[in-house]
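> Here is my input, please return the structure:
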Amino acid sequence: MNTIRTFPLSCLLIGCLLITSGCAYNRARPKPSPEAQSRPVQTGQPIPAKPTATMPTPKPAPVTHAVAKPTPKPTPKPKPAPVTHAVAKPTPKPTPTPKPMEPEPEPLEPAPPAVRKEPKTAEMPPVEAIPVALNKLPINVHGKWIVDRNESRCMLKSIPVRMDDGQGGTRVTLLLTPDRLQFNTDSVIDLSYTGTGISVDDGQSYPLETVTNDTNLQFVNQRKALLNSMQSGQSMQLTIGFWPTWPVTHTYAVSIPLTYFASAMQAWERCNQLLKTK
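The predicted model follows:
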């Protein structure tokens, strides 16, 4: 009973498979071209085959094997030291500050005429009266002058000063007596030199007069004029030459201060008066 029922279903499946395979065969079969369909088909004769062109076989090129030469290793070059360039930083430009408005200048008054100033001269100390006693001689006047005497006269001497004479130096002392003005030295004086003389405060130059004992210079004729200048002067300049005269060298000069000379001269004159009345 069960076999009869299943039979029609299996038959149906088989039939579907056959139909499907037939359709697939017809589709896969190639269709003949129109020329093949129009040509009559001769049976029993073989169809000649078309001659096939044979291409010559090319000869293989000879193979040459190049012998590779050994490549020398390149010598490594030293690496250059890195160069560092200092980069200058740009300097910022200062921002200009606006200038304040300046007021207009007022008209200036004319300057007063220049007053010429005379050079100041050192003030001389005033002349002072110095007490003199014959029994108290010698008298030292402010460490600059000395009043002294002998049996017949009083004398006024300066404190010695040192000057160059070309032979190591010499001392110079001014000596005032009632009859002469004298300069005593320790070197031989030579009157043959030119440009010699004596002056007070760069004033008039008095020529040299006579030499005694080779080392002392005396003024007799010009004594009074020299004393007048010395009482109001500040210093005396003496320019002389010394022996030896060959080879001739040059003159030498010395400055003798005249501070307190006027006071010392008055004390010297007082000493001479006391000596006369003794």
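> Tell me which residues of stretch 170-181 come out buried.
Within stretch 170-181, the residues that count as buried by 16 or more other Cβ atoms under 10 Å are 170, 172-174, 176-177, 181. (Each C-beta comes from the backbone N, C-alpha and C, glycine too.)
> got a list of contacts for that stretch?
For stretch 170-181, contacts defined as Cβ atoms under 8 Å, 6 or more residues apart in numbering pick out 153-163, 182-187, 218-220, 223, 226-227, 236, 238, 242, 254, 256, 265, 268, 272.
> Can you turn the buried part of those into a PyMOL selection?
Applying 16+ other Cβ under 10 Å to the contacts of stretch 170-181, the buried members can be selected in PyMOL as follows:
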select buried, resi 154+155+156+157+158+163+182+183+184+185+187+218+219+223+226+236+238+242+254+256+265+268+272
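> Take the contacts of stretch 170-181 and keep only those in strands.
Secondary structure assignment by DSSP state E places 154-158, 161-163, 182-184, 218-219, 236, 238, 242, 254, 256 of the contacts of stretch 170-181 in strands.
> if we can go back for a sec, may I ask which two of the buried residues of stretch 170-181 are separated the most?
With Cβ to Cβ as the measure, no two of those lie farther apart than Thr170 and Thr177, at 21.3 Å.
> Identify the residue nearest Arg153 in space, chain neighbours excluded?
Pro178 (5.6 Å; Cβ to Cβ, 6 or more residues apart in numbering).
> Just read off the phi/psi values of the one you found.
Pro178 has phi and psi values of phi -60, psi -20 when expressed as degrees, to the nearest 10.
> Mind pulling up the pLDDT for it?
Confidence at Pro178, expressed as pLDDT, is 93.
> Ala267 versus that one, what's the distance?
14 Å (Cβ to Cβ, to the nearest Å).
> again with His250
For His250, the distance to Ala267 equals 38 Å [Cβ to Cβ].
> With neighbour numbers in mind, choose between those two.
Shown here are His250 and Ala267; by other Cβ atoms under 10 Å, Ala267 has more neighbours (20 against 8).
> can I assume that one is in contact with Val127?
No. Here Ala267 does not reach Val127: they are 10.4 Å apart, not a contact under Cβ atoms under 8 Å.
> For the nearest residue to Tyr252 once chain neighbours are set aside, grab the count of nearby residues.
Residue nearest to Tyr252 in three dimensions, not counting chain neighbours: Asp164, with 5.0 Å by Cβ to Cβ, 6+ apart. Using other Cβ under 10 Å, Asp164 has 13 neighbouring residues.
> And the pLDDT at the residue lying closest to Asn216 once chain neighbours are set aside?
Distance criterion Cβ to Cβ, 6+ apart; nearest residue to Asn216, sequence neighbours excluded, is Asn184 at 5.0 Å. Asn184 carries a pLDDT value of 97.
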